[in-house]
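*Asks:* model this:
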Amino acid sequence: MPKSASGIVADSGDVVLMVGTTKGAFLLRADRTRRSWALDGPHFPGEEVYAVALDQRGGRRVLWAAPGNPFFGTTLRRSEDLGATWSGQQDVTVQFPEGSGLSLKRVWQIRPGRASQPDHMLIGVEPSCLFESTDGGASWTPMAGLLNHAHRPKWTPGAGGMCLHTVIPDPANSDRTLVAMSTGGVYRSDDGGGSWQARNRGVRAEFLPDKHPEFGQCVHKIAQHPARPERLFLQNHWGLYRSTDWGDSWDDIANGVPSDFGFAMAVHPHDPDTVFIVPLESDMFRCVPEAKLRVFRTRNAGDSWEPMSSGLPQQDAYETVLRDSLDTDGLDPAGVYFGTRSGRVWGSADDGTSWLLIRDGLPPVTCVKAAALA
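*Replies:* All right, here's what the predicted structure looks like:
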């Protein structure tokens with residue numbers, strides 16, 4: 001039997017890593033030096049966890065996780081004591097309306113809403129849809145504009161499924177939200193979710209006869225800094241892009257990277273010009289290029305990229321980093337973290353310049369979220 005999880009004890013300023021895997025979720029804690037990490041888990045042993053989050057709005061500390069069971073489905077669970085106890089399987093339910101012909105397969109993204117709306121939350125799910133809660137996650141309603149979108153019959157699943165994996169609410173405009181899905185691409189609402197328009201101009205669909213369709217692109221991840229909300233960074237299924245107009249148009253920024261294929265992407269918590277990615281060799285060989293584990297960093301918003309490899313293996317490293325397995329912690333200097341399909345979690349306490357193996361021997365990592373406790 002797996003070791004029982006008991007939750008973590010943490011103080012303000014400590015860093016918490018939430019790691020989802022194919023066999024449960026793990027919590028790791030360190031003080032602000034980030035030299036030594038305590039591990040707790042697995043939570044939900046044997047269940048896949050593709051989405052985790054920590055909501056610290058309004059002075060709370062609520063952990064969220066979405067474990068999935070092949071026999072009993074996906075549930076949404078919450079903990080108000082850093083993992084010591086979790087809500088029951090039926091306490092929080094996410095369901096498609098009767099008559100929609102859809103049923104929940106997986107939760108891919110849990111997104112606390114704007115700081116100005118502490119009870120507002122969003123989740124992206126498979127099959128692609130956006131659910132909204134206005135009561136702190138107690139109940140969930142699908143956004144009808146996406147649920148009933150005219151493009152839905154033509155959306156097709158990518159290799160990971162028909163998933164809505166990125167949710168970006170505008171921090172300054174409560175009516176604007178941007179989402180991304182595989183496949184389908186980027187969609188944005190400017191009217192509170194009532195209607196959604198495709199926003200894929202400039203993003204190519206390498207696998208389609210028409211390389212630049214209105215929709216059908218296989219977006220892997222979008223990242224944004226709240227200080228520059230109109231500027232977005234996009235990692236595509238082949239392609240690395242930047243938008244400066246909330247997704248109305250996209251420009252290629254694959255300058256100096258060994259491959260423009262990949263999944264993971266994160267923006268520095270304090271510098272909106274600094275972005276981190278982990279390229280993979282190709283869609284047919286989804287391992288890091290040249291078997292060298294490197295995090296590529298730009299400090300000029302994608303005009304150029306530099307490899308960060310100090311402390312990372314540079315030979316025979318056949319590693320894969322998935323779309324939600326790279327994150328930052330908010331401290332200064334920033335901590336940067338990623339997990340691999342081989343069950344390793346790596347961390348940097350100096351803005352990604354040097355790296356330390358935090359944990360080895362975990363199940364395949366599906367997501368990593370990091371936060372410094374307020």
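
*Asks:* switch to C-alpha atoms for all contacts and neighbour counts from now on
*Replies:* Noted.

*Asks:* what about the most centrally placed residue in the chain, distance to T166?
*Replies:* Nearest to the mean C-alpha position of the chain, by CA atoms, centre = their mean, lies D324 at 3.4 Å. D324 is 9 Å from T166, where distance means CA to CA, to the nearest Å.

*Asks:* shared neighbours, those two?
*Replies:* Counting by CA atoms under 8 Å, 6 or more residues apart in numbering, the common neighbours of D324 and T166 are K221.

*Asks:* wait, W250 sits on G202?
*Replies:* Yes. Counting by CA atoms under 8 Å, G202 is a contact partner of W250 at 4.9 Å.

*Asks:* compare the two (neighbour count), which wins?
*Replies:* W250 (23 against 19; other CA atoms under 10 Å).

*Asks:* can you classify G145 as helix, strand or coil?
*Replies:* For G145, the assignment made with DSSP: H, G, I helix; E, B strand; the rest coil gives helix.

*Asks:* so how far is G311 from the nearest residue to V219 once chain neighbours are set aside?
*Replies:* Nearest residue to V219, sequence neighbours excluded (CA to CA, 6 or more residues apart in numbering): N236, at 4.4 Å. Distance of N236 to G311, computed by CA to CA: 28 Å.

*Asks:* more neighbours, the two?
*Replies:* More crowded of N236 and G311, by other CA under 10 Å: N236, with 25 against 16.

*Asks:* is it correct that G262 falls within a strand?
*Replies:* Yes. Assessed by three-state DSSP, G262 belongs to a strand.

*Asks:* quick check: P153 is in a helix.
*Replies:* Yes. With three-state DSSP as the criterion, P153 is part of a helix.

*Asks:* neighbours of it, how many?
*Replies:* Neighbours of P153 (other CA under 10 Å): 8.

*Asks:* which SSE is H165 in?
*Replies:* strand 163-169 (DSSP states H and E).

*Asks:* contacting residues around that strand?
*Replies:* Strand 163-169 has contacts (CA under 8 Å, 6+ apart) with 108-109, 111, 113-114, 122-130, 157, 176-183, 220-222, 224.

*Asks:* are any of those buried, and which?
*Replies:* 108-109, 111, 113-114, 122-130, 157, 176-183, 220-222, 224 (16 or more other CA atoms under 10 Å).

*Asks:* show me how far the helix or strand of the chain with the lowest mean pLDDT is from its chain's centre.
*Replies:* Taking mean pLDDT, DSSP states H and E as the measure, the helix or strand of the chain with the lowest value is strand 73-74, at a mean of 93. Its chain's average C-alpha position is 19 Å from that of strand 73-74, according to CA atoms, centre = their mean, to the nearest Å.

*Asks:* likewise stretch 290-301?
*Replies:* Per CA atoms, centre = their mean, the centroid offset for stretch 290-301 relative to its chain is 18 Å.

*Asks:* can you check stretch 313-323 too?
*Replies:* Put simply, stretch 313-323 sits 19 Å off its chain's centre (CA atoms, centre = their mean).

*Asks:* what comes up buried for it?
*Replies:* For stretch 313-323, by 16+ other CA under 10 Å, it's A317, Y318, E319, T320, V321, L322, R323.

*Asks:* and stretch 55-69, by the same measure?
*Replies:* Buried positions in stretch 55-69, judged by neighbour count with 16+ other CA under 10 Å: D55, Q56, R57, R61, V62, L63, W64, A65, A66, P67, G68, N69.
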